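Asks: coordinates only, no sequence provided:
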């Protein structure tokens with residue numbers, strides 16, 4: 001009885017506030033009329049005029065037609081520039097959720113908490129929010145919950161609206177950081193870059209491109225290639241087949257008019273591929289379901305013309321939306337009309353020294369509504385009625401086609417498969433087995449949100465696996481995707497890598513139209529640094545033809561890439577998290593260490609720490625080398641600036657920008 005009375009009172013208060021302050025007055029902006037996804041720094045899961053699961057919002061038995069439904073943790077950031085008057089809403093947890101999970105709502109203006117709900121549960125109804133926005137420049141709406149159960153509750157900002165000065169509306173928080181370039185330009189002389197170890201299975205088609213920068217033309221040569229392989233002297237592309245297992249040390253030389261460079265390459269013919277994390281491009285965060293052949297080839301040409309291939313980037317992966325019908329032999333899945341002459345396209349990629357990837361799922365329907373790897377029909381038919389009701393067919397059908405699809409991929413020359421669904425061991429194993437017997441080496445990537453409890457299975461069955469949900473171009477999403485996965489460290493290694501998801505640099509389409517990443521420049525340096533330390537697959541998500549000088553500088557620092565591609569293959573571990581600084585340390589094959597000092601500013605520890613307020617300062621850091629197990633004297637090198645800092649013993653003091661990084665290579669002083 002008391003809960004019912006409280007719900008009625010809350011609803012009446014909100015109604016009176018609306019009538020008194022909003023009805024008929026100019027300047028009202030409903031939150032659900034804004035392109036709300038563009039304001040979100042949280043994990044995906046925002047619905048307009050509905051709860052996050054997609055149906056109506058219901059608080060305390062009352063249905064609400066206006067408002068925004070979110071998932072936890074939800075971070076909505078607005079730039080008001082002092083033009084706001086009031087914010088009103090009814091904050092509550094939707095009735096249809098797990099009642100035992102506690103949820104908290106906050107409204108924060110310019111670092112001050114203006115509203116705090118206290119812990120709320122499904123069935124409590126809503127609490128009226130009425131906040132004075134006078135003078136507020138930046139506003140944050142935050143929802144937090146127990147992260148272990150956050151998918152089982154549905155917080156709502158019902159009837160949410162802003163009252164603004166006439167002619168104004170809330171804007172996106174500006175990204176005004178200076179896009180400064182740290183890495184010196186490469187010289188004219190040749191330099192061999194990228195991975196120094198490469199694995200293939202015996203008698204499988206072999207393709208490896210020696211990455212080398214320097215003024216073209218370059219001339220490549222190799223000593224010690226195993227029987228069955230040959231190198232193109234003009235491109236550095238190594239092709240052929242090796243029938244005998246073994247480790248083959250190869251000596252590569254690259255020459256041009258300015259000089260030459262020599263380097264070692266270990267070719268390992270055995271049972272393990274992907275001895276270093278894959279590097280390349282995926283089209284989803286560029287074009288989503290609008291991908292087509294020309295967009296793929298445009299990024300492939302740009303990867304070569306802009307020099308990314310010269311630094312080790314090689315994969316061109318087509319995500320969801322290439323699939324057509326099962327009209328191939330044995331009902332193998334074929335491409336749709338956006339991808340004519342599919343094998344010709346793959347052959348063209350190979351001729352450029354690049355590798356080709358595709359997407360699939362064991363479900364009947366993919367997330368985007370295209371044919372998956374199973375069907376309820378023996379011939380694998382995928383009628384329009386399934387595409388139009390795709391959510392109902394995100395399940396495994398009666399008939400499965402793993403073997404047929406794997407053989408077709410191999411016949412096309414596919415080198416990479418992204419397999420995407422709510423991961424289960426049985427389905428992962430079925431496709432793993434099919435790929436092993438396809439006759440071709442195909443890197444096997446599991447997506448998404450792999451259950452940690454099955455980490456040994458993912459390492460046994462696949463070459464890489466997604467450790468979390470889809471990434472977004474926000475610090476909150478990057479932090480969750482990469483800074484919190486230390487527990488996965490023991491399972492990453494040669495041939496099997498932890499995958500925090502695609503990179504969010506350049507221009508992306510996550511949740512909106514193509515736009516520059518919302519990460520600040522400092523956050524982008526942190527992003528690339530941590531991925532290299534984690535030995536993460538580095539898959540660029542932006543249109544490569546639209547990369548600018550800053551983007552290219554981020555992606556072509558060979559000392560950073562060398563950390564990611566180190567042959568030892570041991571991911572960095574988090575050794576300390578104190579004073580707002582995380583320290584990650586990675587052992588390297590040559591006996592040195594790679595160290596990242598990240599100014600995380602204690603993100604997520606207080607409500608206001610979820611937001612960027614525009615007045616953040618660098619943090620001073622005195623890094624204790626012994627705390628990372630580094631005793632004695634060590635030579636420190638700034639990897640981004642490619643500059644030696646000197647020899648240190650005991651500690652090293654520095655200043656790190658807000659959400660920025662100092663990435664070091666640490667060598668023992670001899």
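Replies: Looks like it arrived, so ask away. What you are looking at is a predicted structure, and each value in this text was computed from that prediction instead of being measured.
Asks: worst-scoring helix or strand of this structure, pLDDT-wise?
Replies: Of all the helices and strands that make up the chain, helix 2-21 has the lowest average by mean pLDDT, DSSP states H and E, namely a mean of 44.
Asks: and after it, which helix or strand comes next?
Replies: strand 28-30 (DSSP states H and E).
Asks: run me through the strand neighbours of that following strand, direction for each.
Replies: Strand pairing for strand 28-30, using DSSP bridges, gives strand 155-164 (antiparallel).
Asks: tell me the secondary structure for residue 188?
Replies: coil (DSSP: H, G, I helix; E, B strand; the rest coil).
Asks: ok, it - contacts?
Replies: 214, 215, 256, 258 (Cβ atoms under 8 Å, 6 or more residues apart in numbering). All C-beta atoms are positioned from the backbone trio N, CA, C, and that covers glycine.
Asks: cool, residue 238 as well?
Replies: Taking Cβ under 8 Å, 6+ apart, one finds 206, 207, 208, 209, 210, 222, 225, 229, 230, 231, 232 in contact with residue 238.
Asks: what helix or strand is it on?
Replies: Under the criterion of DSSP H and E, residue 238 resides in strand 237-240.
Asks: beyond that strand, next helix or strand please.
Replies: Next element after strand 237-240 (DSSP H and E): strand 246-256.
Asks: can you give me the angle whichever helix or strand comes after that following strand makes with strand 246-256?
Replies: Counting by DSSP H and E, the element after strand 246-256 in chain order, helix or strand, is strand 259-270. Going by axes from the mean of the first three to the mean of the last three Cα atoms, to 10 degrees, strand 259-270 is angled at 160 degrees with respect to strand 246-256.
Asks: pull up the pairing partners for strand 259-270, direction included.
Replies: Next to strand 259-270 in the sheet, as set by DSSP bridges, lie strand 197-201 (parallel), strand 246-256 (antiparallel).
Asks: got the contact list for it?
Replies: Outside of strand 259-270, the residues within contact range by Cβ under 8 Å, 6+ apart are 189-192, 196-202, 208, 210, 212, 214, 222, 225-226, 229, 242, 244-254, 275, 567.
Asks: which stretches of the protein form helices?
Replies: 2-21, 284-287, 293-305, 342-351, 384-387, 402-412, 425-436, 455-461, 475-478, 521-533, 549-555, 558-564 (DSSP state H).
Asks: how about those, which one is nearest residue 488?
Replies: helix 455-461 (6.6 Å; Cβ to Cβ).
Asks: what is the closest one packed up against?
Replies: The contact analysis (3 or more Cβ pairs under 8 Å, 6 or more residues apart in numbering; DSSP states H and E) places helix 455-461 against helix 425-436, strand 443-447.
Asks: apply 10 Å and report the result again.
Replies: helix 425-436, strand 443-447, strand 464-466, strand 497-499 (3 or more Cβ pairs under 10 Å, 6 or more residues apart in numbering; DSSP states H and E).
Asks: now mean neighbour count too, for the helices of the chain, in JSON lines please.
Replies: As requested, the helices of the chain are exported to JSON lines (neighbours: other Cβ atoms under 10 Å):
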{"stretch": "helix 2-21", "mean neighbour count": "14"}
{"stretch": "helix 284-287", "mean neighbour count": "25"}
{"stretch": "helix 293-305", "mean neighbour count": "18"}
{"stretch": "helix 342-351", "mean neighbour count": "17"}
{"stretch": "helix 384-387", "mean neighbour count": "13"}
{"stretch": "helix 402-412", "mean neighbour count": "21"}
{"stretch": "helix 425-436", "mean neighbour count": "19"}
{"stretch": "helix 455-461", "mean neighbour count": "19"}
{"stretch": "helix 475-478", "mean neighbour count": "25"}
{"stretch": "helix 521-533", "mean neighbour count": "25"}
{"stretch": "helix 549-555", "mean neighbour count": "19"}
{"stretch": "helix 558-564", "mean neighbour count": "23"}
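Asks: low-confidence ranges in the stretch 451-600 of the chain?
Replies: 511 (pLDDT under 70).
Asks: and if you look at the chain?
Replies: Across the chain, the ranges flagged by pLDDT under 70 are 1-25, 44, 147-150, 511.
Asks: hmm, try it at 50
Replies: For the chain, the stretches with pLDDT under 50 are 1-24.
Asks: give me the neighbour count for residue 36.
Replies: Residue 36: 19 surrounding residues under other Cβ atoms under 10 Å.
Asks: if you could redo that for residue 62, that was the one I meant.
Replies: Look at residue 62: counted by other Cβ under 10 Å, it has 17 neighbours.
Asks: same deal with residue 79?
Replies: 17.
Asks: hmm, back to that, any quick ChimeraX command for the buried ones out of the contacts of residue 238?
Replies: For the buried members of the contacts of residue 238, the matching ChimeraX selection, counting by 16 or more other Cβ atoms under 10 Å, is:
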select :206,207,208,209,210,222,225,229,231
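Asks: picking up where we left off before, output the strands paired with strand 259-270 as TSV; include the columns distance to residue 296.
Replies: Shown next, in TSV, are these (distance: least, Cβ to Cβ, whole Å):
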stretch	distance to residue 296
strand 197-201	24
strand 246-256	29
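Asks: out of the ones you listed, which is the most enclosed?
Replies: Most buried of the strands paired with strand 259-270, by mean neighbour count (mean count of other Cβ atoms under 10 Å): strand 197-201, with a mean of 21.
Asks: contacts for it next, please.
Replies: 206-210, 229, 238, 241-242, 245, 247-248, 250, 264-276, 436, 439-441, 494-495, 565-569, 589 (Cβ atoms under 10 Å, 6 or more residues apart in numbering).
Asks: got the angle for it vs helix 425-436?
Replies: Strand 197-201 runs at 90 degrees relative to helix 425-436, counting by the same axes, to 10 degrees.
Asks: from the chain's centroid, how far away is strand 197-201?
Replies: Distance of strand 197-201 from its chain centroid, counting by Cα atoms, centre = their mean, to the nearest Å, is 26 Å.
Asks: do the same with stretch 351-368
Replies: The answer for stretch 351-368 is 17 Å, by Cα atoms, centre = their mean.
Asks: again with stretch 563-578
Replies: Centroid displacement of stretch 563-578 relative to its chain, using Cα atoms, centre = their mean, is 18 Å.
Asks: on that earlier part again, so for residue 88, which of the strands paired with strand 259-270 sits nearest?
Replies: Among these, the nearest to residue 88 by Cβ to Cβ is strand 197-201 (59.9 Å).
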